[in-house]
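> Turn this into a model:
(2 chains)
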Amino acid sequence: MPTPEAQPTPLSEAIPVERRVVFVVGSGRSGTSTMAGALRTLGMHVPQPEVAADETNPKGFGEPQWVVDFHDELLRRCNVQVSDARPSAWFESGKLAAFEPLRERLHDWLEQQFVEGGPELVVKDPRLAWFLGLWRAAALRCDATPAYVTMLRPVTEVVGSKQRYYAAQRSAGEVQRTAAWVNMMLHTERSTRGSARRFVRYADMLKDWTVPVFAIGQAFDLDAVKSATANDVRRVHQFIDPTLRRVQLTWDDVEVPDRLREIAEESWQHLDRLADEGGDVPAVHEVLDQLRAAYSELYGEAEAMAHSTALAARREGLAQQPEPAVRHGVDRVPHGVRKLVPGSVRRGLRKALGRER
Amino acid sequence: MAEHPGGIANREGETAYDVTWPWTTGRLEPGLTCVFRVKNEARNLPWVLPPMLEAVQHVVLVDNGSDDGTPEIAQRVAEECGAAERFTLTSYPFRVSRAGPEHLATPPDSVHSLTHFYNWSFSQVRTSYSMKWDGDMVLTREGVAALADLSWQLEGSGAVVLVPRHPVSIESESVAWIDLGFRFLEPWIYPMGPEYTFVKAFEWEVREFPSTAERLILPEGLCVELKWLDADEFAHWSHTSFEDSTRAPRKRREWEVYSALTAGRGEEVEGLQRIEAPPGVHVVDHITRTWLPHAERPLVRRLGRLEV
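Numbers count the residues shown, from 1 in each chain, chains lettered A, B, ... in the order given. Sure thing, here's the model as predicted:
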């Protein structure tokens, strides 16, 4: 029988783990590909195959194709878009983490990557932040320590950058993109709080990548970084092109409503502090919490004001849906005639036809 | 029920224990507060509190007449976790009716009613979401991660959250039995507000919520409920005959498991699994940190579930 003095093992002394998975998060066009590529070049494993490089990202994305496909499927399921400005979208995407078959599917895949690719993985995809709960659960079941790198780039440059490279999607506009950036960055910060994490400025990465990458290696105890050879380092220098930061814009170039601009600028200023050594502290978290609340309130007001537009879009969408190809026999009977049949008989008929409500 | 502006007065006139709802006195902060109402849980709290303090923004612990040092242990654990400023320790000094017939006979606005006890306890919450939790329920690592996410994701959703739990009967420091024969499912997490208060039911209290509220069911393996075989787990019930209540299937199952284990017949109960920890590891830590994360899903293989 146990004694009353029996005590739990402290949480900090949990099972020793050697597996590590680094998730690179942050808004697209913020240097996430550069960071994932640098870690891969130093010897961390990026699950294969990867999405092929193209003119928007000539050095490659560092994104596993399976992960991109998985996230696309999940986004469709929860009706969230990659650059979603709705604060409520976090609950919608977060709910998928409660679905055990998805947890199992991701765990099985991640386990396979550790077996095939070794104990240090790096996973990057701009959609990743929406599903960190699922990834965290999968990592825990693989006995792996999750760690997060969030890339930071001024919102004006991200919005400008996106408009340049994703010109076909310009209809969303600067306002929506700025709002989506605020939503993504503030909630990604909240989601990774309390976990092993580092914030890295894209500019710092391009200026001298050795400083932030060395710090990440130390903080996350990454063997690939700590034991990198001279050749590995040379290869990263060849991989990172300091001229990558091609778009440098300010608020003079981006036109958004004043309140959104204030929240976005304040968010950037405080997120930027997290990248300082010793800057990831409760005082900054508190301000970021206030900004999240302010953003949610602003979005709520805008949503309420634009409710008529949302309803009109819904009506338009419904009107565009094709008519059902096959109508049930009972549906062909005019409503006036169906009404003549007593309720109890209608219920009995529905039951017999297997169409109970 | 007696009038009390912004809350519920109690019939005994104990004004310090009238319920004053926090939303009537100011705006609630975003976040999730866990409320424990405990009596003599000193043995369990070192397992229960650290993961919960890791998961949520605030913990309120209401002690109800413990004589085993529960408040002191709770305060010490919170301080050891570096969470003293996120921890509120308080006490409710009245004897509370036992679940069952004694509860039925107690008016809901009496300080002795479970209903009033719950309402008063939850009126201590200052965040927009709250959850009740028992002093013997331990979160696994996956459970901590899931609640930590929900603690900010739920904001503004109006959803209530159901968390499956798995009873674990502890035979010794290295041996325990986990009950995977039934799915114990109960709503634990609710928004704060006038539509989410406690009302009296036949055997105990229930928390109200609008029929339109979304219900989110969390996956299995997030939480275990500790039951020490050397303690009388049924002491807080006013009788142990559960056969006559269709609303107490959980208690019936617990009684079945408890009786079998104390008689050495654990192997005979369907769905009850014996777990032995490796040397040097307490079986509770083994189950929550190693056994459950690796156990094959679904954990509970029976089709039926107990929603209580």
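
> For chain B, give me the ranges with low pLDDT.
Within chain B, the segments meeting pLDDT under 70 span B:1-3, B:233-248, B:302-308.

> let's see it at 90
B:1-6, B:99-100, B:182-187, B:203-204, B:230-256, B:259, B:301-308 (pLDDT under 90).

> quick one, helices of the stretch 1-150 of chain A?
Assigned by DSSP state H, counting those that start in this stretch, the helices in the stretch 1-150 of chain A fall at A:32-41, A:65-78, A:89-94, A:100-117, A:132-141.

> Including distance to chain B and mean neighbour count, could those go into JSON lines?
All C-beta atoms are positioned from the backbone trio N, CA, C, and that covers glycine. Putting the helices of the stretch 1-150 of chain A into JSON lines (distance: least, CB to the nearest CB, whole Å; neighbours: other CB atoms under 10 Å in any protein chain shown) gives the following:
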{"stretch": "helix A:32-41", "distance to chain B": "21", "mean neighbour count": "26"}
{"stretch": "helix A:65-78", "distance to chain B": "12", "mean neighbour count": "16"}
{"stretch": "helix A:89-94", "distance to chain B": "4", "mean neighbour count": "23"}
{"stretch": "helix A:100-117", "distance to chain B": "4", "mean neighbour count": "17"}
{"stretch": "helix A:132-141", "distance to chain B": "4", "mean neighbour count": "25"}
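
> Can you lay out those as JSON lines showing distance to B:Asn119?
Shown next, in JSON lines, are the helices of the stretch 1-150 of chain A (distance: least, CB to CB, whole Å):
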{"stretch": "helix A:32-41", "distance to B:Asn119": "48"}
{"stretch": "helix A:65-78", "distance to B:Asn119": "35"}
{"stretch": "helix A:89-94", "distance to B:Asn119": "27"}
{"stretch": "helix A:100-117", "distance to B:Asn119": "34"}
{"stretch": "helix A:132-141", "distance to B:Asn119": "32"}
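
> I'd like those helices as CSV, with distance to A:Phe199 and mean pLDDT appended.
Shown next, in CSV, are the helices of the stretch 1-150 of chain A (distance: least, CB to CB, whole Å; pLDDT from 0 to 100):
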stretch, distance to A:Phe199, mean pLDDT
helix A:32-41, 11, 95
helix A:65-78, 22, 98
helix A:89-94, 19, 98
helix A:100-117, 24, 97
helix A:132-141, 15, 97
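
> how about stretch B:6-26: buried residues?
B:Gly7, B:Ile8, B:Ala9, B:Asn10, B:Tyr17, B:Asp18, B:Val19, B:Trp21, B:Pro22 (16 or more other CB atoms under 10 Å in any protein chain shown).

> Chain neighbours aside, what residue packs nearest to the second one?
It stands for B:Ile8. Nearest in space to B:Ile8, with sequence neighbours left out and distances taken as CB to CB, 6 or more residues apart in numbering or on different chains, is B:Val19 at 4.1 Å.

> Could you tell me which residues make contact with that neighbour?
Neighbouring residues of B:Val19 by CB atoms under 8 Å, 6 or more residues apart in numbering or on different chains: B:His4, B:Gly7, B:Ile8, B:Ala9, B:Asn10, B:His116, B:Asn119, B:Trp120, B:Ser123.

> Of the helices of the stretch 1-150 of chain A, which is nearest B:His112?
helix A:89-94 (38.7 Å; CB to CB).

> What helices and strands are in contact with that closest one?
For helix A:89-94, the elements it packs on are helix A:65-78, helix A:173-192, helix B:141-153, judged by 3 or more CB pairs under 8 Å, 6 or more residues apart in numbering or on different chains; DSSP states H and E.

> which of those is buried the deepest?
Of all the helices and strands packed on helix A:89-94, helix B:141-153 has the most neighbours on average by mean count of other CB atoms under 10 Å in any protein chain shown, namely a mean of 25.

> now the strands for chain A?
For chain A, strands defined by DSSP state E occupy the ranges A:19-25, A:120-124, A:144-152, A:196-201.

> can you redo those strands as CSV with mean neighbour count, distance to A:Leu134 and mean pLDDT?
Listed next are the strands of chain A as CSV, based on neighbours: other CB atoms under 10 Å in any protein chain shown; distance: least, CB to CB, whole Å; pLDDT from 0 to 100:
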stretch, mean neighbour count, distance to A:Leu134, mean pLDDT
strand A:19-25, 24, 11, 97
strand A:120-124, 25, 12, 97
strand A:144-152, 24, 11, 97
strand A:196-201, 22, 18, 97
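
> And these: which comes nearest chain B?
Nearest to chain B, of all those, is strand A:144-152, at 9.1 Å by CB to the nearest CB.

> Tell me how far that closest one lies from the chain's centre.
Between the centre of strand A:144-152 and the centre of its chain there are 12 Å (CA atoms, centre = their mean, to the nearest Å).

> Repeat that for stretch B:38-58.
How far stretch B:38-58 lies from its chain's middle: 11 Å, per CA atoms, centre = their mean.

> again, but for stretch B:94-114
Per CA atoms, centre = their mean, the centroid offset for stretch B:94-114 relative to its chain is 18 Å.

> Buried residues in it, which are they?
Residues of stretch B:94-114 classed as buried: B:94, B:96-100, B:102-103, B:106, B:108-114 (neighbour count, 16+ other CB under 10 Å).

> quick revisit: tabulate the strands of chain A in TSV, adding columns for distance to A:Asp253.
Listed next are these as TSV, based on distance: least, CB to CB, whole Å:
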stretch	distance to A:Asp253
strand A:19-25	26
strand A:120-124	28
strand A:144-152	19
strand A:196-201	20
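
> will you turn these into a markdown table that also has distance to chain B?
Shown next, in a markdown table, are those (distance: least, CB to the nearest CB, whole Å):
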| stretch | distance to chain B |
| --- | --- |
| strand A:19-25 | 13 |
| strand A:120-124 | 16 |
| strand A:144-152 | 9 |
| strand A:196-201 | 13 |
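
> that older thread, using JSON lines, please lay out the helices and strands packed on helix A:89-94 together with distance to A:Arg86.
Compiled in JSON lines, the helices and strands packed on helix A:89-94 are given as follows (distance: least, CB to CB, whole Å):
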{"stretch": "helix A:65-78", "distance to A:Arg86": "11"}
{"stretch": "helix A:173-192", "distance to A:Arg86": "7"}
{"stretch": "helix B:141-153", "distance to A:Arg86": "12"}
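
> Compare the ones you listed and give me the one nearest A:Thr250.
Judging these by CB to CB, what sits closest to A:Thr250 is helix A:173-192, at 12.9 Å.

> tell me the mean pLDDT for the closest one?
Helix A:173-192 comes out with an average pLDDT of 95.

> From the contact counts, what lies against it?
Applying 3+ CB pairs under 8 Å, 6+ apart, one finds that helix A:173-192 contacts helix A:89-94, helix A:132-141, strand A:144-152, helix A:155-165, helix A:258-274, helix A:282-305, helix B:141-153.

> looking at these, which is closest to A:Gly217?
strand A:144-152 (10.8 Å).

> Strand partners (parallel or antiparallel) of that closest one?
If you go by DSSP bridges, strand A:144-152 pairs up with strand A:19-25 (parallel), strand A:196-201 (parallel).

> and of the ones you listed, who's closest to A:Ala310?
strand A:19-25 (29.1 Å).

> orientation of that closest one relative to helix A:173-192 in degrees?
160 degrees (axes from the mean of the first three to the mean of the last three CA atoms, to 10 degrees).

> Dump the C-alpha coordinates for strand A:19-25 into CSV.
In CSV, the C-alpha atoms belonging to strand A:19-25 read as follows (Å, rounded to 0.1, in the frame of the first residue of the first chain):
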residue,chain,number,x,y,z
ARG,A,19,14.3,13.4,-30.2
ARG,A,20,13.7,17.0,-31.1
VAL,A,21,11.4,18.7,-33.6
VAL,A,22,11.8,22.4,-34.4
PHE,A,23,8.7,24.1,-35.8
VAL,A,24,9.4,27.2,-37.9
VAL,A,25,6.4,29.5,-37.7
